[in-house]
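# Pasting the sequence and the predicted model now:
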There are 2 protein chains.
Amino acid sequence: MQAALPALTRIALAFAIWCSLGLPAPAQTDPLPSWNDGAAKKSITDFVTRVTTRGDADFVPPAERIATFDNDGTLWGEQPAYFQLMFAIDRIRALAPMHPEWKAKQPYKAVLEGDMRAFAATGEQGVAELVMATHAGMTTDEFAKVVADWAATAMHPRFKRPYTEVVYKPMRELLDYLRANGFKTYIVSGGSVEFMRVFAERSYGIPPEQVVGSTIVTSFRIEHGRPILMREAKIDVIDDKTGKPVAINKFIGRRPILAFGNSDGDQQMLEWTMAGNGARFAGLVHHTDADREYAYDRTSSFGKLDKALDEALAKGWTVVDMKRDWREVFP
Amino acid sequence: MQAALPALTRIALAFAIWCSLGLPAPAQTDPLPSWNDGAAKKSITDFVTRVTTRGDADFVPPAERIATFDNDGTLWGEQPAYFQLMFAIDRIRALAPMHPEWKAKQPYKAVLEGDMRAFAATGEQGVAELVMATHAGMTTDEFAKVVADWAATAMHPRFKRPYTEVVYKPMRELLDYLRANGFKTYIVSGGSVEFMRVFAERSYGIPPEQVVGSTIVTSFRIEHGRPILMREAKIDVIDDKTGKPVAINKFIGRRPILAFGNSDGDQQMLEWTMAGNGARFAGLVHHTDADREYAYDRTSSFGKLDKALDEALAKGWTVVDMKRDWREVFP
């Protein structure tokens, strides 16, 4: 510390002189440079200014500045299929040599042959079986390692970059901007919580304890004298649709003042957010950009946006038009 | 802000002068004044010093400094019965005029007559019925109000002060001390999460999103055009024993480096904490002080401490002897 004192002294003196001269504050840089100027960007910055300005009727104390974000299609991509499904498919292929019986058994056969139509025909039960074969039957530590290894090597088929870099630059800026204004940012997603936690800190600056998602049952056991948590082949909670406000209440215990989603799975989270007292913000990412990303909404298999879009338009929620409102899409 | 500038200037100048004079830092005050000097206090301060000293082999980055605390018997009292059970009993009495049938029906009859032996005879089913009659069938907002009203008026029968002030001053100091050293402090309790969240911020400085506990099923509904969360008469998760490491993994997603409990219900949380890599701390509050609080352990109906005490003694975990180690008990 001794060596640091003169530097501290200089900083303090400079600050004192600057204060006494009454100079204006340094010019503000744009906190959202990847957003084009327009109604969507303005609705965000106006909201943040109001809730953070002491004396404003809409001022919200920092502790209550909770913001929740969907993940798939809101913070990162979800086409040509949910990235967690892509993970499960990659995992089936990696495990196939140890399971010769899969060649003749659905849904594995369809996955190994890349026959998505046949896989779709196996329905919800096929998806559940796929998830259980790839996400269960191992400890929490083992699963985290499998996901980390996949995230480090798997590439998005169109963008030829790791899935963890198929994240929306404007949304990453929005997360940073909110945190710089005292918000606590959460993911509230239908994805598996232990899948997202592996990369959420690096990709979004969101720590594990602020990731809420779907869960499978885990069991505590002592094995070889050491406690482990085993992931059982049983769904615990699906954090989607009405499950989102339920999970927000259970995990966070405060109602968000800002929520962002992109699909009908987020509709109840936005409704729950907007039903609180005081200033509120609800936003939807509308995928309108087939050139730079994808264009889809009311009829998509992944990230269907239909009823929530109608409600957003009727109630004046912010709808972000990707093509119009985002200067850049990816980092 | 204009008016504040001269004051800021004076503070900055004073700081600059103080730095340039090279005066020593103010003497460190004892962060745990309600703890008597001894092995328990020393084990805590030694641990905190090691994990927060850069360059020490046991240094832990701030983001990973997760500390979890049981509530009943660890942060506040649990005698003559769990305070949440006292709340349920008070609630039954308050609701009785609307339920004349309770006079002839167990477990209500026993509660209304103050016959704890008859109530105990109704067993687990009696407790479950009592909880459901007092904790369910209303919205989350309504329940929070009921708890807040009770906390503001109900008095502990022996200490004649609100239950929310029957909190252990040494443990409150410990929470403050940990937070001042970059720890994130959590409650992980068998109590109902929505019961504890009402007073955790005021009593312990722990915000709602850092309270983990038992839950009942809630349902999202739209009523009269407004979304609500209804508390259903169905247990969701019991956050006790093996449920504690499961809940820590689900809600926090990081393994604590410090955990404190007081009963066999905390044993698995402490085991899970100690099984991680690097420096670890496990503590138990041992209730040994019948004069100032209560003395109980291996045979108590509430907060039974038997197997966890054996494991603590065998493994050298810190056992806090309330009578010997605490200078003061209550604020």
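Received it, and whenever you're ready, just let me know what you need. Numbers count the residues shown, from 1 in each chain, chains lettered A, B, ... in the order given.
# State the helix or strand in which A:Arg324 lies.
helix A:322-325 (DSSP states H and E).
# I meant A:Glu293, not that one.
Using DSSP H and E, A:Glu293 maps to neither a helix nor a strand.
# tell me the contacts of A:Asp90?
A:150, A:154 (CB atoms under 8 Å, 6 or more residues apart in numbering or on different chains). The C-beta positions use only the backbone N, C-alpha and C, and glycine is treated the same way.
# Just the helices from the stretch 151-300 of chain A, written as ranges.
Secondary structure of the stretch 151-300 of chain A (DSSP state H, counting those that start in this stretch): helices at A:169-180, A:193-204, A:243-247, A:267-274.
# Redo the ones you listed as a markdown table? Include distance to B:Ala40, mean neighbour count and mean pLDDT.
Listed next are the helices of the stretch 151-300 of chain A as a markdown table, based on distance: least, CB to CB, whole Å; neighbours: other CB atoms under 10 Å in any protein chain shown; pLDDT from 0 to 100:
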| stretch | distance to B:Ala40 | mean neighbour count | mean pLDDT |
| --- | --- | --- | --- |
| helix A:169-180 | 38 | 19 | 98 |
| helix A:193-204 | 34 | 22 | 97 |
| helix A:243-247 | 38 | 25 | 98 |
| helix A:267-274 | 45 | 25 | 98 |
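# What's the mean pLDDT across stretch A:28-48?
Averaged over stretch A:28-48, pLDDT sits at 96.
# And the contacts of that stretch?
A:169-170, A:173-174, A:176-178, A:180-181, A:258, A:279, A:281, A:283, A:318-321, A:324-328.
# circling back to that earlier point, just how off-centre is the helix holding A:Arg324 within its chain?
Helix A:322-325 has its C-alpha centroid displaced from the chain centroid by 19 Å (CA atoms, centre = their mean, to the nearest Å).
# same thing with stretch A:204-223?
On CA atoms, centre = their mean, the centre of stretch A:204-223 falls 15 Å from that of its chain.
# now do stretch A:135-147
That offset, for stretch A:135-147, works out to 21 Å (CA atoms, centre = their mean).
# pLDDT value on the spatially most central residue of chain A, please?
By CA atoms, centre = their mean, chain A has its centre lying nearest to A:Asn71, at 2.5 Å. Model confidence at A:Asn71, given as pLDDT, is 98.
# quick one: contacts for A:Phe260?
A:67-70, A:74, A:171, A:174, A:266, A:282-285.
# Look at A:Asn36 and say how many residues are nearby.
15 (other CB atoms under 10 Å in any protein chain shown).
# can you tell me how far it sits from chain B?
A:Asn36 sits 32 Å away from chain B, taking CB to the nearest CB, to the nearest Å as the criterion.
# got it, and A:Asp325?
28 Å.
# Leaving out the residues flanking it, which one is nearest to that residue?
A:Ala40 (4.5 Å; CB to CB, 6 or more residues apart in numbering or on different chains).
# For the stretch 201-331 of chain A, which residues are neighbours of chain B?
For the stretch 201-331 of chain A, the residues in contact with chain B (CB under 8 Å from any CB of the partner chain) are A:207-209, A:211, A:215, A:218-220, A:222, A:226-227, A:229, A:236, A:242-243, A:245-246, A:249-254, A:268, A:271-272, A:275.
# Which of these are buried? Put it as a ChimeraX command.
Filtering those down to the buried ones (16 or more other CB atoms under 10 Å in any protein chain shown) takes a single ChimeraX command:
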select /A:207,208,209,211,215,218,220,227,229,242,243,245,246,249,250,251,252,253,254,268,271,272
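# quick one: contacts for the closest residue in space to A:Glu293 that isn't next to it in sequence?
Nearest residue to A:Glu293, sequence neighbours excluded (CB to CB, 6+ apart): A:Val329, at 5.4 Å. Under the criterion of CB under 8 Å, 6+ apart, the neighbours of A:Val329 are A:168-170, A:289, A:292-293, A:322.
# Please indicate which of those residues are buried?
Buried, going by 16+ other CB under 10 Å: A:168-170, A:289, A:293, A:322, out of the contacts of A:Val329.
# which helices and strands sit right next to the helix holding A:Arg324?
For helix A:322-325, not one helix or strand is in contact under the criterion 3 or more CB pairs under 8 Å, 6 or more residues apart in numbering or on different chains; DSSP states H and E.
# quick one: average pLDDT of it?
98.
# which residues are in contact with it?
A:35-36, A:38, A:40-41, A:170, A:285-289, A:291-293, A:295, A:329.
# CA atoms only: put it into PDB for me.
Output of helix A:322-325 as PDB, limited to C-alpha atoms (Å, rounded to 0.1, in the frame of the first residue of the first chain):
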ATOM      1  CA  MET A 322     -33.900  -7.400 -35.300                       C
ATOM      2  CA  LYS A 323     -33.500  -6.200 -38.900                       C
ATOM      3  CA  ARG A 324     -34.400  -2.600 -38.100                       C
ATOM      4  CA  ASP A 325     -33.200  -2.100 -34.500                       C
END
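# buried ones in that helix?
For helix A:322-325, using 16+ other CB under 10 Å, the buried residues are A:322-323, A:325.
# Just put those in a markdown table and tack on distance to A:His99.
Output for the buried residues of helix A:322-325, formatted as a markdown table (distance: CB to CB, whole Å):
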| residue | distance to A:His99 |
| --- | --- |
| A:Met322 | 40 |
| A:Lys323 | 44 |
| A:Asp325 | 46 |
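# that older thread, any idea which of the contacts of helix A:322-325 is closest to chain B?
Nearest to chain B among the contacts of helix A:322-325, counting by CB to the nearest CB, is A:Val285 at 21.7 Å.
# How confident is the prediction for the closest one, by pLDDT?
For A:Val285, the pLDDT comes out at 98.
# Distance of the closest residue to it other than its chain neighbours relative to chain B?
Among residues not flanking A:Val285 along the chain, A:Asn262 sits closest, at 4.1 Å (CB to CB, 6+ apart). The spacing between A:Asn262 and chain B, counted by CB to the nearest CB, is 20 Å.
# got the phi/psi numbers for A:Asn262?
phi -150, psi 0 (degrees, to the nearest 10).
# Surely A:Thr139 touches A:Leu229?
Yes. Between A:Thr139 and A:Leu229 there is a contact at 6.1 Å, judged by CB atoms under 8 Å.
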